[in-house]
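Engineer: Let's see this in three dimensions:
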Amino acid sequence: MKLPENFTEAMESINFLNLNPFQLMNLGCLSSGFNFHSQLMVMTLFPVILCAGLFLIGILRKSWKGIMDTLILVVLYAVLPSVSTTVFAAFPCDELDTGEKFLIVDYAINCDESSYSLFAAYAGLMMLVYPIGVPALFAWLLARKKKHIMQPVADREEDNELAGIGFLFDNYKPSCWYFEIVVTVLRLLLTGVLGLIEPGSATQLCVGMLIAVGAMLQLCKVEPYENGRDNVLSVLGYVQIFLVMMCALMLKVQVFATGVDKDMLGILLVLVNVMVLVVAGALVVVNFFRQREESYESNNAAAILKSEVGKKQKKMGKNGKKGGEESLDELGIELGEVFTERESSFANVNPMKANSEKQKKAEVWETFVDHASGKEYYVNQGTGETSWDKRLV
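Structural biologist: Numbers count the residues shown, from 1 in each chain. Coordinates of the predicted model:
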């Protein structure tokens with residue numbers, strides 16, 4: 001079916017993100033013999049040849065084997081969506097009023113000819129290699145290293161056993177070590193398997209909407225990503241897919257009146273797609289300022305003291321103790337230990353700079369008020385030392 005023209009043009013302008021060079025150029029203009037079957041051959045064989053070359057280099061240069069194995073996985077991961085979409089497109093045909101059948105993706109190919117059957121069989125073989133074989137390979141690699149992946153994030157980042165496959169689980173919580181396979185299957189369902197249903201039909205759109213809703217429910221329940229921002233963006237991505245398909249379904253069944261402004265509908269669809277990018281940008285900005293604030297607090301004596309007092313009061317409240325106006329002694333806060341720990345961790349990164357900063361801070365004392373007694377006391381920024389005597393300060 002035909003979506004609003006302005007929306008279609010906007011989506012075509014970002015085809016370069018699909019890693020499919022044949023969507024960026026019309027090679028049929030360069031050679032009359034180049035059709036979809038030629039594209040199918042190139043798209044499926046080139047990654048195989050490239051991976052075979054990398055594998056051969058790894059055999060010849062033993063020291064490079066680990067790097068080559070990782071590159072092979074990255075290549076397969078990158079080309080999987082576009083190649084799988086091409087493979088699935090080799091099957092659906094459109095029957096005309098004359099009774100002839102033509103391949104939907106390329107009407108120059110007659111589905112009644114023997115060449116169609118030959119390439120359909122070839123596409124079936126490639127289904128075993130790409131949409132089935134590659135996810136199965138990833139699942140096997142993840143299952144093999146499951147115990148290592150389920151370690152705390154800090155520990156697994158230092159685990160040499162996970163070298164080369166980090167991109168398959170780095171974004172997820174340890175308990176969701178398998179979720180990259182779930183994401184890959186959802187991606188294949190929406191980009192490949194969905195194409196086997198009659199393109200543009202109400203059935204295809206309804207199935208696509210059900211897949212999107214199922215994915216949203218799963219993400220909201222599991223929240224698999226380590227960073228909360230990624231969970232939000234992933235859900236919004238499926239919301240975007242659902243809304244586009246819903247609008248397409250409404251156009252298909254002619255829910256809109258005859259005089260509907262399709263240009264305005266196209267603008268709304270474009271805005272829905274841009275929404276994800278806007279939210280992503282906003283979350284990145286918020287995260288940036290939050291990190292700056294945390295960095296400031298980690299090197300500011302007053303902020304450290306306020307943070308530690310707040311944590312202690314909160315803990316006492318959970319234990320059923322009275323909170324609010326406790327003195328520092330009652331709270332049991334060892335300021336010297338807090339400052340020493342923070343300073344030593346900073347010094348491990350840059351000892352020269354740490355020593356210089358510490359000397360400067362040692363000359364600066366902050367004034368605070370003990371709520372229990374109402375008296376002022378003083379905290380040395382550099383050493384964490386506390387004193388009630390202003391003369392010593």
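
Engineer: From here on, just use CA atoms for contacts and neighbour counts.
Structural biologist: OK.

Engineer: which residue ranges form the helices in the stretch 201-350 of the chain?
Structural biologist: For the stretch 201-350 of the chain, the helices defined by DSSP state H, counting those that start in this stretch occupy 202-222, 228-252, 262-298, 301-318, 328-331, 335-349.

Engineer: What mean pLDDT does the shortest one get?
Structural biologist: The average pLDDT within helix 328-331 is 49.

Engineer: Quick check: neighbours of the helix or strand where Asp94 lies in the sheet, parallel or antiparallel?
Structural biologist: In this structure, Asp94 sits in strand 93-95 according to DSSP states H and E. Strand 93-95 sits in its sheet next to strand 101-103 (antiparallel), going by DSSP bridges.

Engineer: For this structure, give me the ranges with low pLDDT.
Structural biologist: Applying pLDDT under 70 to the chain picks out residues 1-33, 254-263, 287, 290-363, 371-373, 381-384, 390-393.

Engineer: tell me the domain boundaries of it?
Structural biologist: As given by automatic domain parsing, the domain ranges for the chain are 35-196, 299-387.

Engineer: Could I get those in a markdown table, plus columns for mean neighbour count and distance to Ile241?
Structural biologist: Putting those into a markdown table (neighbours: other Cα atoms under 10 Å; distance: least, Cα to Cα, whole Å) gives the following:
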| stretch | mean neighbour count | distance to Ile241 |
| --- | --- | --- |
| domain 35-196 | 17 | 9 |
| domain 299-387 | 15 | 43 |
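
Engineer: Figure out which of the ones you listed is closest to Val285.
Structural biologist: Between Val285 and the domains of the chain, the shortest separation by Cα to Cα is 19.2 Å, and it involves domain 35-196.

Engineer: First-to-last residue distance for that closest one?
Structural biologist: This stretch, domain 35-196, spans 20 Å end to end (Cα to Cα, to the nearest Å).

Engineer: again, but for stretch 158-173
Structural biologist: Termini of stretch 158-173 sit 16 Å apart (Cα to Cα).

Engineer: dump the residue contacts of Leu40.
Structural biologist: Applying Cα atoms under 8 Å, 6 or more residues apart in numbering, one finds that Leu40 lies in contact with Thr86, Val87, Ala90, Ala123.

Engineer: switch the cut-off to 7 Å
Structural biologist: Residues near Leu40 by Cα atoms under 7 Å, 6 or more residues apart in numbering: Thr86, Val87.

Engineer: That one falls within a helix, correct?
Structural biologist: Yes: secondary structure assignment (DSSP: H, G, I helix; E, B strand; the rest coil) places Leu40 inside a helix.

Engineer: where's it relative to Val276, distance?
Structural biologist: Leu40 sits 32 Å away from Val276, going by Cα to Cα.

Engineer: Please apply the same query to Lys147.
Structural biologist: Between Lys147 and Val276 the distance is 35 Å, computed by Cα to Cα.

Engineer: Same question for Val87.
Structural biologist: 29 Å.

Engineer: Leu118 now?
Structural biologist: Note on Leu118: its distance to Val276, by Cα to Cα, is 42 Å.

Engineer: same question, Gly374
Structural biologist: 52 Å.

Engineer: same deal with Ala121?
Structural biologist: Remark: distance between Ala121 and Val276 (Cα to Cα) = 39 Å.

Engineer: next one: Gly166
Structural biologist: 26 Å.

Engineer: ditto for Phe88
Structural biologist: To Val276, Phe88 is 28 Å away according to Cα to Cα.

Engineer: cool, and Met250?
Structural biologist: Taking Cα to Cα as the measure, Met250 falls 23 Å from Val276.

Engineer: now Val369
Structural biologist: Between Val369 and Val276 the distance is 48 Å, computed by Cα to Cα.

Engineer: Next: Pro152.
Structural biologist: Using Cα to Cα, which is the criterion applied here, Pro152 is 30 Å from Val276.

Engineer: Check Cys111 too.
Structural biologist: 40 Å.

Engineer: Show me what stretch 132-149 is in contact with.
Structural biologist: Here stretch 132-149 has contacts from Arg156, Pro174, Trp177, Tyr178, Ile181, using Cα under 7 Å, 6+ apart.

Engineer: got a list of what the third one touches?
Structural biologist: So that's Trp177. Taking Cα under 7 Å, 6+ apart, we find Trp177 in contact with Lys146, Ile149, Met150, Phe169.

Engineer: repeat that with 8 Å
Structural biologist: Contacts for Trp177 (Cα under 8 Å, 6+ apart) come out as Leu142, Lys146, Ile149, Met150, Phe169.

Engineer: before we move on, what about the last one?
Structural biologist: Taking Cα under 8 Å, 6+ apart as the criterion, Ile181 is in contact with Pro135, Phe138, Ala139.

Engineer: go with 7 Å
Structural biologist: The contact partners of Ile181, taken as Cα under 7 Å, 6+ apart, are Pro135, Ala139.

Engineer: and if you look at the second one?
Structural biologist: For Pro174, the contact set (Cα under 7 Å, 6+ apart) comprises Ile149, Met150, Gln151, Pro152, Val153.

Engineer: With adjacent residues omitted, what lies nearest to the second one?
Structural biologist: Nearest residue to Met150, sequence neighbours excluded (Cα to Cα, 6 or more residues apart in numbering): Pro174, at 4.3 Å.

Engineer: where's the one you found relative to Met216, distance?
Structural biologist: From Pro174 across to Met216, the span is 21 Å (Cα to Cα).

Engineer: cool, and Ser387?
Structural biologist: Between Ser387 and Met216 the computed distance is 56 Å (Cα to Cα).

Engineer: likewise Val42?
Structural biologist: Taking Cα to Cα as the measure, Val42 falls 35 Å from Met216.

Engineer: And for Leu40?
Structural biologist: Relative to Met216, Leu40 is positioned 32 Å away (Cα to Cα).

Engineer: again, but for Glu157
Structural biologist: For Glu157, the distance to Met216 (Cα to Cα) stands at 29 Å.

Engineer: what sits up against stretch 202-212?
Structural biologist: Among residues not part of stretch 202-212, those counted as contacts by Cα under 7 Å, 6+ apart are Leu190, Leu194, Ile197, Glu198, Tyr238, Ile241, Phe242, Met245, Leu249, Lys252.
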